[in-house]
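J.: can you look at this prediction? I've put the sequence above it.
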Amino acid sequence: MSRRAYVLGICAAGALAAVVYVAFEAGVQRARHDAAPSAASSIVATASTADRVASSARQATPGDATTGRRVLYWHDPMVPGPKFDKPGKSPFMDMQLVPVYADDAPPADGVPIDPRVQQSLGIRTARAVTGSLSTAISVVGNVAYNERDIVVVQARSNGFVEKLFVRAALDPVRKGQRLAELYVPEWIAAQEEYLEAKRLRTDVDALALGGLADAAAQRMRLAGMTEELIREVDAKGAVQSRFTVTSPIDGVVGELSAREGMTIASGAPLFRLNGLATVWVNAEVPEAAAAGLRPGMSVEARTPALAGVVFKGHVSAIVPEVNPATRTLKARVELANPGGRLVPGMFATVDLKTARRSDAVLVPSEAVIRTGTRAIVILAHAGGRFAPVEVKIGDESDGRTEIRDGVRAGDEVVVSGQFLIDSEANLKSALRRMDGAPETAGDAMKVAPAGEHDHAMHAQHSGGHDPTMHAPNPADHDPIHAAPTPGAHEHGAHNPAPAVR
């Protein structure tokens, strides 16, 4: 019996505790519901007081009693965008607002930097000039024969090759050097006819038979004999049974088709000679850089086989075809080859310089700050002021960059220390104005005071409806002042939170 009584006592105590807790919660909810109208009235009164204080602050010129300097506004250095019209605690960080004085504000034409600070930062400037920009392109290629300097030696008539003086391909030859000795029966008959007509003209009647000798000479020409051979026959007065073929140019034998004792037909190729006075370099130019190429451009070429030797030439032609494997165009570069030192197959590096318009505005490339989406140049104004300017850049070559918009010829640009100036401009909101970032009162009001977030979170966790979230605020009609921070009552009603400007 005693155990049963003990259990019943425990159950009765638990039920009593539950009834007491439910009654306590009901009392708390009723007290909160009754206190809501008075809280809303308090918030409205606090907002009206803050509005009157802020209005009188706008009418009076704020100043620092300690330094006597005129204060423009207060701000949080960690969040420099929003501006406040009175000192106080920052709604963003656990710190006091910092005043910004009138003599500290950046002027409209840039950020002022003391000359001593400029010297410490190592700031250097250069003048933007107008000039011509030449873009240098370095490409590679292989040396090849100049196909415009190839000579083919052919047989002028049917005959036989009796002797060869050049017996292998790629043998070097000189102009006038003997290549082969030919026997041509048709030429022998033509010579005999010419010599007979010449003798008859001398012995009988020069006037009557002069035309016969001329006809015989014409027949030798039609048979393929050169004027030099005809003059030789005429001078010696005897039939020339053997004829020597000579080289018309300096070069090498590219192809040898004749052999001793072989029969040749009229028009058959005997030798193909390649000149070496000039050679080609077939340079592979990327298609992205081919737009600036023009025939006739001067070039310089170097080859590892001849270290330190520079060969000069020009672009003779641009082949209108893109290699699908390498996505390059072939530029035929013609180079002078003194001494025949460049031979086909050599690897060569070619430097091309493309000329641009001569009235381009040029600045040192180190003066341009590239952010990835835009380019910025720091201009140096009179009085030690510096201002960032967004520019449009063009080509770049030899340490200079073309400026197509944003800088004029004669402007002073910063070429060293501009990143430190950029940081200083960020601290003083110079770049913020250039970027178009919000600095006006309407944009600054988008940042809610810290107390509003705390009040809203309390209402959400309590599960009830917070009427203060819909209380009328007189500052809603003022584009300069925001609502005061509810948390300000914790520090005293006489010290409302500063308003955002």
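T.: Alright, I've got the coordinates.

J.: so where's the stretch 51-200 of the chain uncertain?
T.: Scanning the stretch 51-200 of the chain for pLDDT under 70 picks out 51-67, 80, 103-110.

J.: which intervals of this structure have sub-threshold pLDDT?
T.: For the chain, applying pLDDT under 70 flags the ranges 1-2, 28, 31-67, 80, 103-110, 201-210, 355-357, 422-501.

J.: which parts of it are helices?
T.: For the chain, the helices defined by DSSP state H occupy 2-59, 115-121, 185-203, 206-223, 227-236, 418-427, 430-435, 441-444, 450-462.

J.: count of neighbours near the nearest residue to residue 174 once chain neighbours are set aside?
T.: Once flanking residues are discounted, residue 174 sits nearest to residue 250: 5.5 Å by Cβ to Cβ, 6 or more residues apart in numbering. For every residue, glycine as well, the C-beta is placed using N, CA and C. Using other Cβ atoms under 10 Å, the number of residues around residue 250 comes to 17.

J.: with residue 226 instead?
T.: Neighbourhood size, residue 226 [other Cβ under 10 Å]: 12.

J.: for it, give me its contacts.
T.: Counting by Cβ atoms under 8 Å, 6 or more residues apart in numbering, residue 226 makes contact with residue 156.

J.: and it, how far from residue 246?
T.: Counting by Cβ to Cβ, to the nearest Å, the gap from residue 226 to residue 246 is 10 Å.

J.: over to residue 257?
T.: Per Cβ to Cβ, residue 257 is found 17 Å from residue 246.

J.: how about residue 15?
T.: Distance of residue 15 to residue 246, computed by Cβ to Cβ: 134 Å.

J.: for the two, indicate the residue with more neighbours.
T.: Higher neighbour count among residue 15 and residue 246: residue 246, with 15 against 10, using other Cβ under 10 Å.

J.: who touches the more buried one in this structure?
T.: Here residue 246 is in contact with 176, 177, 178, 179 (Cβ under 8 Å, 6+ apart).

J.: narrow those to just the buried residues.
T.: Among the contacts of residue 246, those classed as buried by neighbour count (16 or more other Cβ atoms under 10 Å) are residue 179.

J.: could you dump the contacts of residue 246 into TSV with distance to residue 371 added?
T.: Converted to TSV, the contacts of residue 246 look like this (distance: Cβ to Cβ, whole Å):
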residue	distance to residue 371
176	69
177	68
178	73
179	69
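
J.: among the contacts of residue 246, which one lies nearest to residue 236?
T.: residue 178 (18.7 Å; Cβ to Cβ).

J.: pretty sure that closest one sits against residue 245.
T.: Yes. Applying Cβ atoms under 8 Å as the test, residue 178 and residue 245 come out as touching, 7.4 Å apart.

J.: list phi and psi for residue 371.
T.: In terms of degrees, to the nearest 10, the main-chain angles of residue 371 are phi -100, psi 0.

J.: returning to what we had before: isn't the residue nearest to residue 174 right up against residue 275?
T.: Yes. Contact criterion Cβ under 8 Å: residue 250 and residue 275 qualify, at 6.6 Å.

J.: for residue 176, give me phi and psi.
T.: Backbone torsions for residue 176, taken as degrees, to the nearest 10, come to phi 90, psi 0.

J.: who does the nearest residue to it once chain neighbours are set aside form a beta bridge with?
T.: In space, and not counting its chain neighbours, residue 176 is closest to residue 246: 5.4 Å by Cβ to Cβ, 6+ apart. Beta-bridge pairing for residue 246 (DSSP bridges): residue 178.

J.: how close does residue 246 sit to residue 238?
T.: 21 Å.

J.: with residue 416 instead?
T.: Here the criterion is Cβ to Cβ. By it, residue 416 lies 89 Å from residue 238.

J.: burial of residue 20, as a residue count?
T.: Residue 20 has 10 nearby residues by other Cβ under 10 Å.

J.: check residue 18 too.
T.: Neighbour number of residue 18 under other Cβ under 10 Å is 10.

J.: with residue 295 instead?
T.: Using other Cβ under 10 Å, residue 295 has 11 neighbouring residues.

J.: across the sheet, point out what pairs with the spatially closest residue to it that is not a sequence neighbour.
T.: Spatially, and ignoring its direct neighbours in sequence, residue 295 is nearest to residue 315 (5.4 Å; Cβ to Cβ, 6+ apart). For residue 315, the beta-bridge partners are residue 333 (DSSP bridges).

J.: so what's the residue lying closest to residue 89 once chain neighbours are set aside up against?
T.: Spatial nearest neighbour of residue 89, excluding adjacent residues (Cβ to Cβ, 6+ apart): residue 96 at 6.0 Å. The contact partners of residue 96, by Cβ under 8 Å, 6+ apart, come to 87, 88, 89, 90.

J.: so what's the residue count around the second one?
T.: Around residue 88 there are 18 other residues, counting by other Cβ under 10 Å.

J.: more neighbours: which of residue 416 and residue 238?
T.: Using other Cβ under 10 Å as the criterion, residue 416 and residue 238 rank with residue 416 on top: 15 against 10.

J.: pretty sure that one contacts residue 124?
T.: Yes. Counting by Cβ under 8 Å, residue 416 does reach residue 124; the two are 4.1 Å apart.

J.: contact partners for the residue nearest to residue 330 when sequence neighbours are not counted?
T.: Nearest residue to residue 330, sequence neighbours excluded (Cβ to Cβ, 6+ apart): residue 319, at 4.2 Å. By Cβ under 8 Å, 6+ apart, the residues touching residue 319 are 329, 330, 331, 332.

J.: buried residues, stretch 141-149. List them.
T.: Neighbour-count burial for stretch 141-149, counted by 16+ other Cβ under 10 Å, picks out 141, 143, 144, 145, 146, 149.

J.: CA atoms of it as PDB?
T.: Listed next in PDB are the C-alpha coordinates belonging to stretch 141-149 (Å, rounded to 0.1, in the frame of the first residue of the first chain):
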ATOM      1  CA  GLY A 141      60.000  28.300 -91.000                       C
ATOM      2  CA  ASN A 142      62.300  26.200 -93.200                       C
ATOM      3  CA  VAL A 143      64.700  27.400 -95.900                       C
ATOM      4  CA  ALA A 144      63.800  26.400 -99.400                       C
ATOM      5  CA  TYR A 145      64.900  27.100-103.000                       C
ATOM      6  CA  ASN A 146      63.600  30.200-104.600                       C
ATOM      7  CA  GLU A 147      61.300  28.700-107.200                       C
ATOM      8  CA  ARG A 148      61.500  32.000-109.200                       C
ATOM      9  CA  ASP A 149      65.200  31.400-109.600                       C
END
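
J.: how far does it sit from its chain's centre?
T.: Its chain's C-alpha centre and that of stretch 141-149 lie 33 Å apart, by Cα atoms, centre = their mean, to the nearest Å.

J.: name the residues that touch it?
T.: 249, 251, 254, 274-275, 277-284, 303, 331, 333-334, 342-348, 350.

J.: now the buried members of those.
T.: Counted by 16+ other Cβ under 10 Å, those give 249, 251, 254, 274-275, 278-284, 303, 331, 333-334, 342-344, 346, 348, 350 as buried.

J.: dump the buried residues of stretch 141-149 into a markdown table; add distance to residue 214 as well.
T.: Compiled in a markdown table, the buried residues of stretch 141-149 are given as follows (distance: Cβ to Cβ, whole Å):
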| residue | distance to residue 214 |
| --- | --- |
| 141 | 55 |
| 143 | 51 |
| 144 | 47 |
| 145 | 43 |
| 146 | 41 |
| 149 | 37 |
